[in-house]
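Participant: I would like to see how this sequence folds:
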Amino acid sequence: MPFNGEKQCVGEDQPSDSDSSQFSESMASLSDYECSRQSFTSDSSSKSSSPASTSPPRVVTFDEVMAAARNLSNMTLAHEIAINENFQLKQDAFPENSLASRVKHIVHQAFWDVLESELNAEPPEYEHAIKLFEEIREDKSVAFSLSGALDQTTEWIRESVNEELLSLSETALTPGAENSSKPSLSPTLVLNNSYLKLLQWDYQKKELPETLMTDGARLQELTEKLNQLKIIACLSLITNNMVGALTEGLPELANRLKRISVVLLEGMNKETFNLKEVLNSIGVQTCVEVNKALVERDLSILNAEVQANLIGQFSSIEKEDNPIWSLIDKRIQLYMKSLLCLPSPQKCMPPVPGGLAIIQQELEVLGSQYANIVNLNKQVYGPFYANILRKLLFGEEAMGKADASSSN
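Facilitator: The predicted structure is shown next:
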């Protein structure tokens with residue numbers, strides 16, 4: 001989903017699907033620094049009242065708060081239908097031909113059944129669901145109009161802005177960069193990097209951005225599964241580097257070792273889980289399986305030194321500075337980042353980087369789920385992100401010009 005005038009990411013050589021048009025339109029004025037500063041001065045969509053210094057705080061009534069709560073409940077339900085492939089409406093046991101039963105039937109026929117059928121279509125039709133989100137957001141946005149309502153979201157995006165600025169500063173210091181044109185931050189890149197942070201989020205200690213709380217449990221589960229896949233990829237890479245020449249031509253061995261790892265790593269996100277001990281056990285079991293395969297081919301088994309080295313490297317994966325873990329993590333981040341650049345990940349999955357072939361199938365499934373969550377979140381909250389990015393990237397001056405233009 002590139003902004004106007006911005007180069008597309010890897011694999012994006014065709015226009016985006018209609019599902020992404022809402023977000024693209026709301027963020028179109030953020031294509032680059034100069035164009036954006038000009039566009040903000042004429043942005044008629046930026047609505048504001050008089051300056052904060054002269055305006056009294058807005059009083060929120062109890063009815064508005066209750067309306068916001070009802071809309072949040074509706075938005076959560078619609079969001080679950082759009083994201084959850086296994087969503088089902090449970091039927092309550094109302095008496096047949098009762099008033100409650102008739103009302104339930106009419107409402108479902110008029111709304112939820114239609115919405116569910118659209119989302120179950122091939123390909124899914126998101127227009128109705130997106131309209132529902134838009135109506136809820138535009139009609140009753142009391143919750144997000146309260147002071148400080150998006151503090152976590154702003155801080156989440158600000159971290160990515162600071163990281164990108166640091167990266168640009170380091171690039172400017174490289175030899176030959178003095179004569180290059182002044183770099184500017186890409187709003188798309190900043191926002192995508194913010195979403196990538198969710199894959200390394202500490203869900204037990206760190207609060208999620210307000211705009212992602214609905215997907216908190218789903219993102220946490222996805223991250224936990226991804227961490228397990230990272231370990232499996234690390235174990236496979238270490239095994240191939242150390243004994244790959246001896247076990248070449250035995251694809252079933254790699255699959256058997258993968259199954260062993262999956263079983264032993266089950267529940268690795270629990271506090272009582274001893275990762276180092278389990279990695280040691282996987283190393284021992286790997287040596288047993290490799291030796292068994294070597295014996296079947298009339299070859300000598302691994303000597304004690306090689307086995308000890310293999311087990312030791314397995315156990316060291318849990319260390320933060322482990323180079324194998326860092327390598328696999330960077331490649332998975334690159335893969336997920338390329339997914340966010342594609343107009344339709346389900347139709348055209350990006351190639352899997354080297355070293356991840358052992359987890360390719362699972363990674364594509366998780367990547368598709370992750371991209372669905374991110375794309376829907378962009379479509380729903382795109383205008384909020386656009387305003388935050390304007391303030392962070394272009395300052396209050398640009399926002400003030402936009403507000404002055406819209407008030408004239």
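
Participant: which segments of this protein make up each domain?
Facilitator: 58-147, 150-173+185-237+252-274+318-408 (automatic domain parsing).

Participant: distance to residue 292 for the ones you listed - can I get that in JSON lines?
Facilitator: Bear in mind the C-beta positions are built from the backbone N, C-alpha and C, glycine included. Below are those laid out as JSON lines (distance: least, CB to CB, whole Å):
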{"stretch": "domain 58-147", "distance to residue 292": "39"}
{"stretch": "domain 150-173+185-237+252-274+318-408", "distance to residue 292": "9"}
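
Participant: just these: most buried one?
Facilitator: domain 150-173+185-237+252-274+318-408 (a mean of 17; mean count of other CB atoms under 10 Å).

Participant: for that domain, the averaged confidence score.
Facilitator: Here domain 150-173+185-237+252-274+318-408 scores 88 as its mean pLDDT.

Participant: can you pull the contacts of residue 369?
Facilitator: 218, 222 (CB atoms under 8 Å, 6 or more residues apart in numbering).

Participant: where's it relative to residue 262, distance?
Facilitator: Relative to residue 262, residue 369 is positioned 18 Å away (CB to CB, to the nearest Å).

Participant: picking that back up, out of the domains of the chain, which comes closest to residue 312?
Facilitator: domain 150-173+185-237+252-274+318-408 (11.5 Å; CB to CB).

Participant: the helices in the stretch 301-408 of the chain, which residues?
Facilitator: 304-315, 323-341, 360-407 (DSSP state H, counting those that start in this stretch).

Participant: show me what the shortest one is packed up against.
Facilitator: It stands for helix 304-315. helix 216-247, helix 275-296 (3 or more CB pairs under 8 Å, 6 or more residues apart in numbering; DSSP states H and E).

Participant: by how many degrees do whichever helix or strand comes after the first one and helix 216-247 diverge?
Facilitator: Sequence order places helix 251-264 as the next helix or strand after helix 216-247, per DSSP states H and E. Using axes from the mean of the first three to the mean of the last three CA atoms, to 10 degrees, the interaxial angle of helix 251-264 with respect to helix 216-247 works out to 140 degrees.

Participant: which residues touch helix 251-264?
Facilitator: Contacts for helix 251-264 (CB under 8 Å, 6+ apart): 228, 231-232, 235-236, 239, 247, 278, 281-282, 285-286, 289-290, 293, 358.

Participant: separation between the closest residue to residue 294 other than its chain neighbours and residue 288?
Facilitator: Computed as CB to CB, 6 or more residues apart in numbering, the closest residue to residue 294 that is not its neighbour in sequence is residue 301, at 5.4 Å. Using CB to CB, we find residue 301 at a distance of 10 Å from residue 288.
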